[in-house]
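Undergrad: No letters, just coordinates:
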Ligand code: CP
């Protein structure tokens with residue numbers, strides 16, 4: 001595999017899940033594969049899980065991870081083509097990506113959307129510029145429109161905890177105080193579309209995700225109807241896609257409660273705001289898989305890095 005930028009880079013979800021489970025059972029079995037190879041992790045935005053689990057994955061493969069907070073610590077990077085750089089940006093992505101490629105065998109990038117310029121966000125300017133101007137493989141650690149390391153993690157976690165052949169999985173919007181990206185929801189939908197599950201989405205009117213991603217996945221605007229007979233409830237807030245980046249509702253009726261969850265397992269990518277998105281009683285119960293999801297981030301990243309290392 002050359003790059004991992006989207007869930008579409010997973011050629012066979014079932015075999016990827018099988019391979020990730022094998023890595024989880026024996027995390028150090030490929031410790032020689034990444035010897036003398038360097039992973040560069042570039043963060044334009046904050047992170048806890050992605051930052052630590054991707055480094056841990058690299059270490060499990062014998063790689064040397066090096067990390068940089070680009071926003072704040074590096075020179076301001078210019079992404080525009082032909083720009084006269086007399087403003088705040090000090091170096092162009094053409095040089096920056098080529099330079100980082102001198103130090104790293106794989107580069108992983110996190111760059112969130114603006115949430116005010118839909119066209120710019122959908123162009124994935126930062127991620128695609130690294131793919132274009134770096135000379136080494138690129139891994140997406142959450143971009144404007146996707147979080148494929150999280151999406152694959154969630155597929156792995158559902159596979160481990162499903163107790164029937166075709167579980168019902170609900171992706172439910174929940175309220176939040178800030179406008180959040182669509183990336184996690186998008187990649188979760190794309191991952192579930194590659195699995196044998198019954199996927200439905202629940203969100204208030206005005207919050208439908210990009211129909212080019214949801215395709216024919218049923219969308220309910222009534223949470224109670226969507227949750228009927230659910231085996232997994234995956235919860236995430238996102239801002240409006242149609243009224244791009246706006247908060248149209250903070251309706252606390254959409255918060256996940258133990259009563260609504262019933263017998264379903266609860267999932268969330270974290271970080272999560274307690275008693276805004278989901279009540280304590282859910283997170284503190286055995287129904288919650290959130291810590292297991294966070295654990296699986298390591299093995300999802302490890303499989304991605306392993307596949308890239310094998311093709312270097
Ligand atoms: N789920 C996730 O990507 O967590 P971080 O933002 O902390 O990396």
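TA: Yes, it's here. Bear in mind that the values here come from a model prediction, so they are computed numbers and not experimental data.
Undergrad: first to last residue in stretch 1-20, what's the distance?
TA: Terminal residues of stretch 1-20 are spaced 16 Å apart (Cα to Cα, to the nearest Å).
Undergrad: could you check whether stretch 30-43 is close to the ligand?
TA: No. Counting by Cβ under 6 Å from any ligand atom, the ligand has no neighbours in stretch 30-43; the shortest distance is 9.0 Å. Backbone N, C-alpha and C define where each C-beta goes, glycine included.
Undergrad: which residues sit against that stretch?
TA: Contact with stretch 30-43 is made by 23, 51, 54-55, 58, 60-71, 100, 103-110, 141, 305-306, 309-310, 312, as judged by Cβ atoms under 8 Å, 6 or more residues apart in numbering.
Undergrad: Please apply the same query to stretch 128-137.
TA: Counting by Cβ under 8 Å, 6+ apart, 1-5, 79, 93-94, 96-98, 100-101, 104-107, 109, 138, 308, 312 sit against stretch 128-137.
Undergrad: for the ligand, what are the nearby residues on the protein?
TA: With Cβ under 6 Å from any ligand atom as the criterion, the chain meets the ligand at residues 47-51, 142, 150, 269-271.
Undergrad: 5 Å instead?
TA: 47-50, 269 (Cβ under 5 Å from any ligand atom).
Undergrad: Buried among the residues you listed? Make that a PyMOL selection.
TA: A single PyMOL command selects the buried members of the residues of the chain next to the ligand (16 or more other Cβ atoms under 10 Å):
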select buried, resi 47+49+50+269
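Undergrad: Same list, the residues of the chain next to the ligand, but as JSON lines with secondary structure and pLDDT please.
TA: JSON lines is the format used below for the residues of the chain next to the ligand (DSSP: H, G, I helix; E, B strand; the rest coil; pLDDT from 0 to 100):
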{"residue": "47", "secondary structure": "coil", "pLDDT": "98"}
{"residue": "48", "secondary structure": "coil", "pLDDT": "98"}
{"residue": "49", "secondary structure": "helix", "pLDDT": "98"}
{"residue": "50", "secondary structure": "helix", "pLDDT": "98"}
{"residue": "269", "secondary structure": "coil", "pLDDT": "98"}
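Undergrad: residues in contact with the residue in the stretch 51-200 of the chain that the ligand sits nearest to?
TA: Of the stretch 51-200 of the chain, the residue with the smallest distance to the ligand, taken as Cβ to the nearest ligand atom, is residue 150 at 5.3 Å. Listed by Cβ under 8 Å, 6+ apart, the contact set of residue 150 reads 50, 142, 184, 187-188, 269, 297, 300.
Undergrad: Please apply the same query to residue 157.
TA: So residue 157 contacts 267, 289, 292-293, 296 (Cβ under 8 Å, 6+ apart).
Undergrad: most surrounded residue in those?
TA: When neighbours are counted by other Cβ atoms under 10 Å, residue 267 leads those with 26 neighbours.
Undergrad: Quick one: buried ones out of the contacts of stretch 30-43?
TA: 23, 51, 54-55, 58, 60-65, 69-70, 100, 104-110, 141, 305-306, 309.
Undergrad: most centrally placed residue in this structure?
TA: Centroid-nearest residue in the chain: residue 147, 2.3 Å away (criterion: Cα atoms, centre = their mean).
Undergrad: Which ones among the buried ones among the contacts of stretch 30-43 lie within strands?
TA: Using DSSP state E, the members of the buried ones among the contacts of stretch 30-43 that fall within strands are 64-65, 69, 106-110.
Undergrad: got TSV for those, with pLDDT too?
TA: Formatted as TSV, these follow (pLDDT from 0 to 100):
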residue	pLDDT
64	98
65	98
69	97
106	99
107	99
108	99
109	98
110	98
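Undergrad: relative orientation of the helix or strand hosting the residue of the stretch 51-200 of the chain closest to the ligand and strand 106-110 in degrees?
TA: Assigned by DSSP states H and E, residue 150 belongs to helix 148-161. Using axes from the mean of the first three to the mean of the last three Cα atoms, to 10 degrees, the inter-axis angle of helix 148-161 relative to strand 106-110 is 90 degrees.
Undergrad: Now do the SS call for the closest residue to residue 7 other than its chain neighbours.
TA: Once flanking residues are discounted, residue 7 sits nearest to residue 190: 3.9 Å by Cβ to Cβ, 6 or more residues apart in numbering. Under the three-state scheme (DSSP: H, G, I helix; E, B strand; the rest coil), residue 190 adopts helix.
Undergrad: which residues does residue 190 contact?
TA: By Cβ under 8 Å, 6+ apart, residue 190 lies in contact with 6-8, 146, 148, 151, 213.
Undergrad: before we move on, back to that, now, among the residues of the chain next to the ligand, which is nearest to residue 282?
TA: Distance to residue 282, by Cβ to Cβ, is smallest for residue 269 among those, at 14.9 Å.
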